[in-house]
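Asks: Following is a predicted model, sequence given first.
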Amino acid sequence: MKNANNNQSRRSFLKVTSLTGGGMMIGFSWFANLIPNEAIAAATDKMDWVELTGFIKITPDNQVKIFNPNPEFGTNVMTSLPMMVNEELEADWSKVIVEMGDYDTPRFKSQFTGGSRAMAMAWKPLRTAGATARLLLMQAAANEWGVPMSELTVSKGVVMHKASNKSANYGALATAAAKLPKPEKVELKKNAEFTLLGTPQKNKVGKEIVGGESLFTLDYTMEGMLIAMVIHPPAFGMQLKSFDAAEAMKMPGIKAIFDFQVYKDGYAKAGFDTRAFNKLIAVVGNSTWEVMNARKKVAAQWEPIQDTKEMVMARGGKREEIIPAGLESTETHLRLMHEMQKKPTRVARKDGDPETAFKNATKILERTYTAPFLAHNPMEPISCVAHITDEKAFFVAPIQIPEMMKQNIVSNLDIKPEHIEMKLARMGGGFGRRAYGHYIVEAGHISKKVKAPVKLIYTREDDLTNGIYRPTYIMTYKAAIDKDNNVTAIHVIGGGIPESPLHENRFPAGVFDNYLAESWDMPSNITIGAYRAPRSNFNASAEQSFLDELAETVGKDPLDFRIEMLKKAKANPVGKFNDYDASRFIAVLELLKEKSNWGSPATKNAKRGVSAYFCHASYAAHVVDITMKNGQPYVEKVVTAMDCGFVVNPEGAKNMVEGAVVDGIGNALYGELILDKGATVQKNLNSYRIIRHREAPKKIDVHFVQNNIDPTGLGEPPFPPVFAAVANALYRATGKRLYDQPYIKQLNKA
Amino acid sequence: MAKFQLKVNGKPLQVEADPSTPLLWVLRDHLHLVGTKFGCGVGACGACTVHLNGRAMRSCQLPVSAVGAQAVTTIEGIVSTEKEMHPVQKAWLELDVAQCGYCQTGQIMSAVALLKSNPNPTEAEIESAMTGNICRCGTYLRIKAAIQQAAKSSKK
């Protein structure tokens, strides 16, 4: 009974219907999954029942289909979410078909946000949907055979009555089951009873992927479809003045060249409406290569922007935002950031009396860390298919947070919400980039103008130079140390352009009686957005590098030093709110210590670095072993300990963590987007560095804390702590402390 | 525009395209063989890898006019029958390699070409042969293990 959902919330997100031609469909509202459970009942009461976004379909020929409601960009939700459904449904998993659910018009009525909480939010609702279906099928069998439900058993999609030796598969029972009233009480299995969840399961879309089947937006085609590309200003801080397309229009296969405005004047941009440039030139033609060639022949004139006012829709309503004029450069950004670190800033948190502690300190350790802009570079370049007619606005879109696009599409394309129909294609990576769907609106404008279906394609250069980036950051950590080598105060100042990285309530907040956290940001015309564990990805690198150096300064083992601090925070937390659970944090570090044989020498004369971080509701810690060959670092081995609650699919989970570790090493060592007079210096993958095969670690061992806490996210949490583990290992391998990312640059400097 | 006689996955095919059109776009736009992916257009990521006479080649760097009578093989054509998968594809599934999956067909094409010329590659040889194929999701370890497994399984 412990796990039983209350009736109201269960009723409010499930609907059972008969299928034409027989069979049963259980629909469930995904939006009910994206908000806290206690809010589901209230919110979903107002919903219309057509707003169902996920489905279980059982047809008379015994085909069981689970439609995955959440966009897939590589985190394996196409497997892990249906696993949740099937644990309770008890169909034959090897035969269950998983398909991506469309994002259709009715869904746009809802405005709930998702973010990276798919596992946590799906956990109860998806299992309840599966259990409801199973109970209905069992009830149908009980009615048919005239036996009590309690005498029935279910295995692999077959309902059995042992005493009378009767059995029927789900397909045979589905039509009758669909006509039954929903069960009053739906009990969910206890974790110990799971047979599918917690077992390693392979990707349900694996075959299609290795076969090269059409899965992605770029692969999509439709009758009469044209190819479109855009031309954008050559630098941030520039805009279109005029253009001459006469010569380009003469090129073969070209249908239209025109300029257009992406968002209307005065449109209040919401959180995910970020776009780099508002006026673009579209080049439309028959094939990709023809459009690419014609694009080069368009003679465009550009001019610098003035300070530009834009409307922003933020929490608390509309406000004005000034996009500053100017051609910005990395060199200037770095100078400004270092200057800002010395100016008075906004105090985000203050515990005790840090001023006095620093005045009385015997020793002060102060270190400043920086990181550059980063480009997401998902492997599939940005793209969108659009076909806008008077009756329908059809899109095939690779978009992480589709529901956030509604207002943008409706307002800027003058489209009725009920006309929107959107197919969610599998995304060739996202990392945050595809949360910003300006390209959907751009494709819509182009389709409207040429009155035909179009596929908008960004080249790699387009995405890298017209992008949305991880901001550039700086952070200064300062520790006051007394004569007995006790740390008596911590002072952190975090800033960035145009966003601060500071998480003032994260560890080591809560440990020290005297703690001061300050924050600043500075406006910029460079467009930024979420990048795998936003802010945390830098915050962790600075904090965990500093703690490593602090441990050394006070003569302590770096791993033990962290555990000691956490024990202090557990026993006697300082401050009202600390954004971590010290007990779970300690358990992860203890697991890491054991699994990495911390204290014993690393393999192959490697040197080791450790780092740990908590974000997105999960805990991650790494030990990285590095060797140096010809002055270049090689990661021999990484040992990871994680606590993400119950591990839904250990196979997919391990893959995710391995990927995050590789991504972290790559970005720590090589990741960098330099700006020079408003333009990105790196324009393609021959200059923007992404980690490659031979730079990847030789071995990654992933260990999970085994517990029955409801599952939390995994896509982001293992990423942030990688950076400092690399820096700390490099220090032991080279004797050099690294403060500025990418580390390879600082390492090769002297 | 010019007409070209190509041999793709064993079939003779005729396409009409500008001679400078990269094979990548001929495959994708003209022949609708979309398993060959566009990633960078400058031969730096390997997503567009195909075989030209059995050797791995970046199709974004090869104008259709330069293909001539050479045999082009894409991911759609690495197996002789539709039902049977290539041992490299099988190893990819057994080791559950893919995350987003976008680069994997290019990775597989490079791997198949590697094993053809070197059926028993060392770890260093795998890294060297595969280093032109970027996986942004970071599945490199699984790719390497899958290649080793495929090498082992074809020895049996």
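Replies: Structure's in. What do you need?

Asks: What lies in contact with the longest helix seen in chain B?
Replies: Identified as the longest helix of chain B according to DSSP state H is helix B:140-155. Helix B:140-155 is contacted by residues A:655, A:658, A:662, A:691-693, A:696-697, A:699-700, B:87-88, B:90-92, B:94-97, B:107, B:111, B:114-115, B:119-121, B:123, B:126-127, B:130, B:135 when judged by CB atoms under 8 Å, 6 or more residues apart in numbering or on different chains. Where you see a C-beta, it was placed from the backbone N, CA and C, and this is true even at glycine.

Asks: how about 7 Å then?
Replies: For helix B:140-155, the external contacting residues (CB atoms under 7 Å, 6 or more residues apart in numbering or on different chains) are A:655, A:658, A:662, A:693, A:696, A:700, B:87-88, B:91-92, B:94-95, B:97, B:107, B:111, B:114-115, B:119-121, B:123, B:126, B:130, B:135.

Asks: which parts of it are buried?
Replies: B:140-151 (16 or more other CB atoms under 10 Å in any protein chain shown).

Asks: again, but for stretch A:708-717
Replies: For stretch A:708-717, burial by neighbour count (16+ other CB under 10 Å) applies to A:711-717.

Asks: okay, now the residue of chain B found nearest chain A: neighbour count?
Replies: Closest to chain A within chain B is residue B:35: 2.0 Å, counting by CB to the nearest CB. A count of neighbours around residue B:35, defined by other CB atoms under 10 Å in any protein chain shown, yields 25.

Asks: right, and it touches residue A:214 too?
Replies: No: using CB atoms under 7 Å, residue B:35 is not in contact with residue A:214; the gap is 8.2 Å.

Asks: got any ranges where chain B has weak pLDDT?
Replies: Where chain B drops to pLDDT under 70, the residues are B:80-82, B:156.

Asks: Okay, domains of it per the record?
Replies: Per automatic domain parsing, the domain ranges recorded for chain B read B:2-77, B:87-155.

Asks: now chain A
Replies: Here the domain parsing of chain A from automatic domain parsing is A:7-206, A:217-309+A:382-457, A:546-749.

Asks: how close does the most centrally placed residue in chain B sit to residue B:52?
Replies: For chain B, residue B:109 is the residue whose C-alpha lies nearest the centre (CA atoms, centre = their mean; 2.8 Å). Residue B:109 sits 11 Å away from residue B:52, going by CB to CB, to the nearest Å.

Asks: Tell me the buried residues in stretch A:528-546?
Replies: A:528-546.

Asks: circling back: tell me the phi and psi of the residue nearest to the centre of chain B?
Replies: Dihedral angles of residue B:109 (phi, psi; degrees, to the nearest 10) stand at phi -60, psi -40.

Asks: before we move on, what about the one 4 residues further on?
Replies: Torsion angles at residue B:113 (phi, psi; degrees, to the nearest 10) stand at phi -60, psi -40.

Asks: mind listing what it touches?
Replies: By CB under 7 Å, 6+ apart, the contact list for residue B:113 reads B:51, B:54-56.

Asks: redo that, cut-off 8 Å
Replies: Going by CB under 8 Å, 6+ apart, residue B:113 touches B:49, B:51, B:54-56.

Asks: In ChimeraX, select just the buried ones from these.
Replies: The buried residues among the contacts of residue B:113 can be selected in ChimeraX (16+ other CB under 10 Å) with this line:
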select /B:49,51,56
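
Asks: Format the contacts of residue B:113 as JSON lines; extra columns: secondary structure.
Replies: Below are the contacts of residue B:113 laid out as JSON lines (DSSP: H, G, I helix; E, B strand; the rest coil):
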{"residue": "B:49", "secondary structure": "strand"}
{"residue": "B:51", "secondary structure": "strand"}
{"residue": "B:54", "secondary structure": "coil"}
{"residue": "B:55", "secondary structure": "strand"}
{"residue": "B:56", "secondary structure": "strand"}
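
Asks: tell me the two of the contacts of residue B:113 that are most distant?
Replies: Greatest spacing in the contacts of residue B:113, by CB to CB: B:49 and B:54 (12.6 Å).

Asks: Quickly name whichever of the buried residues of helix B:140-155 is closest to residue A:486.
Replies: Nearest to residue A:486 out of those is residue B:141 (CB to CB; 42.2 Å).

Asks: re the thing from before, and the residue of chain B closest to chain A, backbone torsions?
Replies: Per-residue torsions, residue B:35: phi -70, psi -20 (degrees, to the nearest 10).

Asks: Ok, residue B:28 next?
Replies: phi -80, psi -50.

Asks: how about the residues of the stretch 301-450 of chain A near chain B?
Replies: With CB under 8 Å from any CB of the partner chain as the criterion, the stretch 301-450 of chain A meets chain B at residues A:377-381, A:426-431.

Asks: Now for the residues you listed: which two are most distant?
Replies: A:377 and A:426 (17.5 Å).

Asks: more crowded one of these two?
Replies: Per other CB under 10 Å, whichever of residue A:377 and residue A:426 has more neighbours is residue A:377, with 26 against 23.

Asks: Now do the same contact list for that one.
Replies: Going by CB under 8 Å, 6+ apart, residue A:377 touches A:429, A:431, A:433, A:460, A:463-464, A:685, A:688, A:690, B:136.

Asks: Confirm residue A:475 sits in a strand?
Replies: Yes: using three-state DSSP, the assignment for residue A:475 is a strand.

Asks: so it sits right up against residue A:501, yeah?
Replies: Yes: between residue A:475 and residue A:501 there is a contact under CB atoms under 8 Å: 6.3 Å.

Asks: Please identify every residue contacting each of the two.
Replies: Residues touching both residue A:475 and residue A:501 (CB under 8 Å, 6+ apart) are A:494-495, A:538-539, A:542.

Asks: Could you point out which of the residues you listed is nearest to chain B?
Replies: Using CB to the nearest CB, the shared contacts of residue A:475 and residue A:501 come closest to chain B at residue A:538, 19.0 Å.

Asks: Helix, strand or coil: sort out the residue nearest to residue A:539 when sequence neighbours are not counted for me.
Replies: Nearest residue to residue A:539 in three dimensions, chain neighbours excluded: residue A:501, at 4.9 Å (CB to CB, 6 or more residues apart in numbering or on different chains). Judged by three-state DSSP, the three-state class of residue A:501 is coil.

Asks: quick one: residue A:501 from chain B, how far?
Replies: Distance, residue A:501 to chain B, by CB to the nearest CB, to the nearest Å: 23 Å.

Asks: can you pull the contacts of that residue?
Replies: Going by CB under 8 Å, 6+ apart, residue A:501 touches A:471, A:473, A:475, A:494-495, A:535, A:538-539, A:542.

Asks: and residue A:467, how many neighbours does it have?
Replies: Other residues near residue A:467 come to 24 when the count uses other CB under 10 Å.

Asks: before we move on, what about residue A:450?
Replies: Neighbour count for residue A:450, taken as other CB under 10 Å: 17.

Asks: Just give the nearest non-adjacent residue to residue A:191, would you?
Replies: residue A:708 (4.6 Å).

Asks: Please report phi then psi for that neighbour.
Replies: For residue A:708, the backbone dihedrals are phi -110, psi 20 (criterion: degrees, to the nearest 10).

Asks: and if you look at the one 10 residues further on?
Replies: In terms of degrees, to the nearest 10, the main-chain angles of residue A:718 are phi -70, psi -10.

Asks: Give me the spatial nearest neighbour of the residue nearest to the centre of chain B, chain neighbours excluded.
Replies: residue B:49 (4.1 Å).
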